[in-house]
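Student: For reference, the sequence and a predicted model appear below.
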Protein chains: 2
Amino acid sequence: MESRTVSIKDVADRAGVAVGTVSNVLNHPARVSAATRERVQGAIDELGFVRNDAARQLRAGQSRTIGLIVLDVGNPFFSSLARAAEDCAAENGSTVVLGDSGQDAGREARYIDVFEQQRVQGMLISPVGDVGPRVEALRSRGMPVVLVDRTDTQRRCSSVSVDDVAGGYMAVRHLLEAGRRRIVFVGARADYRQVADRLTGARQAVEEHDGAVLEVVEAEAMTVLAGRDVGGEIAQRRTGELPDGIFCANDLLAIGVMQAVLLIRGLRIPEDIALIGYDDIDFSASAVVPLSSVRKPTTLMGRTAVELLLEEIEGPASRRRQVIFDPELVERGSTQAAVRAAG
Amino acid sequence: MESRTVSIKDVADRAGVAVGTVSNVLNHPARVSAATRERVQGAIDELGFVRNDAARQLRAGQSRTIGLIVLDVGNPFFSSLARAAEDCAAENGSTVVLGDSGQDAGREARYIDVFEQQRVQGMLISPVGDVGPRVEALRSRGMPVVLVDRTDTQRRCSSVSVDDVAGGYMAVRHLLEAGRRRIVFVGARADYRQVADRLTGARQAVEEHDGAVLEVVEAEAMTVLAGRDVGGEIAQRRTGELPDGIFCANDLLAIGVMQAVLLIRGLRIPEDIALIGYDDIDFSASAVVPLSSVRKPTTLMGRTAVELLLEEIEGPASRRRQVIFDPELVERGSTQAAVRAAG
DNA sequence: ACGTGCTAATGAAACGATTCAAAAGCGCGC
DNA sequence: GCGCGCTTTTGAATCGTTTCATTAGCACGT
């Protein structure tokens, strides 16, 4: 339809001005007289001119784009973090482009390459495994990087993460404050650092409290189904051996436990057993008994990550900072002590 | 650390060859003798050279990037579709970059602009509202566009979508085949074309079946909570007036209905009431009674969308195609007729 | 008439990779 | 020693934008 692509030169010809003037209209409107500005704008509209970002970047040496690589876009934590990052970037005139590594190191590497070739301003990476070497290489070439949901133990770059020890502590302390003493921690074989941290926090809380005991039950996986198995096992215990509080390492497990406890034996939540999960997934609020949980401050994390990155972009000499957020307790029906009979 | 950025010129100097030779090593290795190739490669590694995509694109006039704009990355439908699109693109040497419009027309417009300025090869758009004019403008400038999860009634561009009428038909037909006759359709005030389509399909199925009746119940929203309200209302009906099959316009509603039906009155699923949802969200498989549902072929849709786009990129003269997929029935416990007593 | 002090507009140079016509290098037969 | 055919290498031109030193244009005071 149109001649292949419309360049700034075409616009200049059409408006009867020099290319530099067109560029000024686009980038420094104040430098151009109103009349000329209008004429150029008219030509732009008529011809349907769209800036060629490649040329602009080539000249500028830098783009206005931030690369964000997440482990799984399907995970609400990441999608919500991404949303926040986008908003914060937009406020600063940048755009976030998203890459989904799907926990695959190869895909992660691909995105890092693509983003570097695109000369993004910087990258936010939620790394798959050990990205130490990759990040080191990036940094040596002057590419700002901020790690997300992971601290850099060697302090090579800034990072934004969550204190899962504090989260575990918070959850169990909440159970203790609701008067529970026989606490069960349900977690999967602790491959994940995160699960181990949550357990550590749970232990701390119990140790601070005389008369409280913590039992650790291992689930097959971090899923609803595995939770149901664990819940079934617990529900079948003799009355004297029942726990009165359960902390699950994530919400899926907790929902499974809840299903089993409510249906298999007809125990009441929270009256007989108080239950709390972790992550505060969307679903938790609408479980049969709304599930208390521990929430990561995703929005804050997304914004902070972008801010740290921009800081580093503007002042490459700035110090690396490891920002660690405390998670937040979300109280819902599954731990509400209010209705509970005294004693 | 390093001198600002390493260009192909630096590599050429280091290796003692001309810039054209370096370029050939990168793009047409066969044209270069093995010895030279090795020397150049060595220089590249030593200097940590990274291709400047902006310059490459500027010269080539086109990138190897596809822009994908979705309504909500948090929605599993879109995240899974994105994953498939990425895979398919990767197989064809392209990369997908993701933009999340969050159902916001402004953000959608922003991403369209950014992608167009980046001269992406083409865009996959799951549009917020009426993108007719925008798409028209893009196309007039030669930018290939494929709509996702939406047909283009005016056939201006190719599209990939799902036949929700067929989905609704499928769901209710499944209930009928399980011997159910008193069917309830639960949907929200049908703002969404999609919900209306599902109801249309449901009606068709019922009309084909003598003695079957369909009742439509309106929920406040498409949420678990709203579903629970509807389920409570239904469960409290007198025995003779109970439905024996319920089709909910999405899984969230269905899960709410399930919670209410099971807990409030202790009815059995599927023995007393068979229940089926729509969308097949992750959670459905692990509901207390695993929920039957209707699934969109997300992976296929993602791949097809990319294929249609590539088709158009390679042959701009190719005809626009509206690909409409049939959804797929997912049978689970909530409709399993097997256990049901005869009669 | 001429210099001064403005603002507005100009256009060549630069960014870094790719392309391609031309040159260089080489082996070989006469 | 020379020309031929082949592969390998060269380097200037190109893409579209931004930048910035210059130039143009204009009003005003002397």
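Tutor: Yep, that arrived. Not measured: the values here are computed from a predicted model. Numbering: from 1, shown residues only, chains lettered A, B, ... in the order given.
Student: if I look at the closest residue to DNA strand D within chain A, how far off is A:Ser94?
Tutor: Closest to DNA strand D within chain A is A:Ile8: 2.9 Å, counting by C-beta to the nearest atom of the strand. C-beta: built from backbone N, CA, C; applies to glycine. Plainly put, A:Ile8 is 23 Å away from A:Ser94 if you go by C-beta to C-beta, to the nearest Å.
Student: Give the buried residues for the helix or strand of chain A with the lowest mean pLDDT.
Tutor: With mean pLDDT, DSSP states H and E as the measure, the helix or strand of chain A carrying the lowest mean pLDDT is helix A:132-140 (a mean of 87). For helix A:132-140, a neighbour-count test (16 or more other C-beta atoms under 10 Å in any protein chain shown) marks A:134-135, A:138-139 as buried.
Student: same check, this time on stretch A:90-108
Tutor: A:94-102, A:107-108.
Student: Farthest-apart pair in these, please.
Tutor: Spatially, the most separated pair among those is A:Ser94 and A:Gly102, at 24.7 Å (C-beta to C-beta).
Student: quick one: contacts for A:Val22?
Tutor: A:8, A:11-12, A:15, A:40, A:44 (C-beta atoms under 8 Å, 6 or more residues apart in numbering or on different chains).
Student: what packs against the least confident helix or strand of chain A?
Tutor: On a contact count with 3 or more C-beta pairs under 8 Å, 6 or more residues apart in numbering or on different chains; DSSP states H and E, helix A:132-140 meets helix A:105-117, strand A:145-148.
Student: Tell me where the stretch 151-300 of chain A is predicted with low confidence.
Tutor: A:190-191 (pLDDT under 70).
Student: could you pull out the helices for it?
Tutor: A:164-177, A:193-207, A:224-235, A:251-264, A:298-314 (DSSP state H, counting those that start in this stretch).
Student: Please indicate which of those helices has the most neighbours on average?
Tutor: helix A:251-264 (a mean of 25; mean count of other C-beta atoms under 10 Å in any protein chain shown).
Student: so what secondary structure elements neighbour that one?
Tutor: strand A:182-188, helix A:224-235, strand A:245-248, strand A:274-276.
Student: how distant is that helix from the center of its chain?
Tutor: 26 Å (C-alpha atoms, centre = their mean, to the nearest Å).
Student: what's the answer for stretch A:219-239, then?
Tutor: Worked out by C-alpha atoms, centre = their mean, stretch A:219-239 lies 29 Å from the chain centre.
Student: CA atoms only: put it into PDB for me.
Tutor: These are the backbone C-alpha positions of stretch A:219-239, laid out as PDB (Å, rounded to 0.1, in the frame of the first residue of the first chain):
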ATOM      1  CA  ALA A 219       4.700 -34.100  51.800                       C
ATOM      2  CA  GLU A 220       5.500 -35.800  48.500                       C
ATOM      3  CA  ALA A 221       5.300 -32.500  46.700                       C
ATOM      4  CA  MET A 222       4.000 -29.000  47.000                       C
ATOM      5  CA  THR A 223       0.600 -29.700  45.600                       C
ATOM      6  CA  VAL A 224      -3.000 -29.900  46.600                       C
ATOM      7  CA  LEU A 225      -3.000 -33.700  46.100                       C
ATOM      8  CA  ALA A 226       0.100 -34.200  48.300                       C
ATOM      9  CA  GLY A 227      -1.600 -31.900  50.900                       C
ATOM     10  CA  ARG A 228      -4.700 -34.000  50.900                       C
ATOM     11  CA  ASP A 229      -2.600 -37.100  51.600                       C
ATOM     12  CA  VAL A 230      -0.900 -35.400  54.500                       C
ATOM     13  CA  GLY A 231      -4.200 -34.100  55.800                       C
ATOM     14  CA  GLY A 232      -5.800 -37.500  55.600                       C
ATOM     15  CA  GLU A 233      -3.000 -39.000  57.700                       C
ATOM     16  CA  ILE A 234      -3.200 -36.300  60.300                       C
ATOM     17  CA  ALA A 235      -7.000 -36.400  60.500                       C
ATOM     18  CA  GLN A 236      -6.900 -40.100  61.300                       C
ATOM     19  CA  ARG A 237      -4.800 -39.700  64.400                       C
ATOM     20  CA  ARG A 238      -6.300 -40.400  67.800                       C
ATOM     21  CA  THR A 239      -7.900 -37.300  69.300                       C
END
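Student: and A:Ala90, how far is that from B:Val120?
Tutor: 19 Å.
Student: can you redo the buried residues of stretch A:90-108 as a markdown table with pLDDT, secondary structure and distance to chain B?
Tutor: Shown next, in a markdown table, are the buried residues of stretch A:90-108 (pLDDT from 0 to 100; DSSP: H, G, I helix; E, B strand; the rest coil; distance: C-beta to the nearest C-beta, whole Å):
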| residue | pLDDT | secondary structure | distance to chain B |
| --- | --- | --- | --- |
| A:Ser94 | 91 | coil | 10 |
| A:Thr95 | 91 | strand | 5 |
| A:Val96 | 92 | strand | 8 |
| A:Val97 | 89 | strand | 4 |
| A:Leu98 | 91 | strand | 4 |
| A:Gly99 | 91 | strand | 7 |
| A:Asp100 | 90 | strand | 6 |
| A:Ser101 | 90 | coil | 10 |
| A:Gly102 | 87 | coil | 6 |
| A:Arg107 | 89 | helix | 8 |
| A:Glu108 | 92 | helix | 12 |
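Student: now the strands: where do they sit in the stretch 1-150 of chain A?
Tutor: A:65-70, A:95-100, A:122-125, A:145-148 (DSSP state E, counting those that start in this stretch).
Student: Show me chain A divided up by domain.
Tutor: Domains of chain A are assigned by automatic domain parsing as A:8-51, A:64-162+A:298-325, A:164-296+A:330-335.
Student: Contacts only, for the closest residue to A:Arg193 other than its chain neighbours.
Tutor: Nearest non-adjacent residue to A:Arg193, counting by C-beta to C-beta, 6 or more residues apart in numbering or on different chains: A:Asp164, 7.9 Å away. Contacts for A:Asp164 (C-beta under 8 Å, 6+ apart) come out as A:193-194, A:197-198, A:201, A:327.
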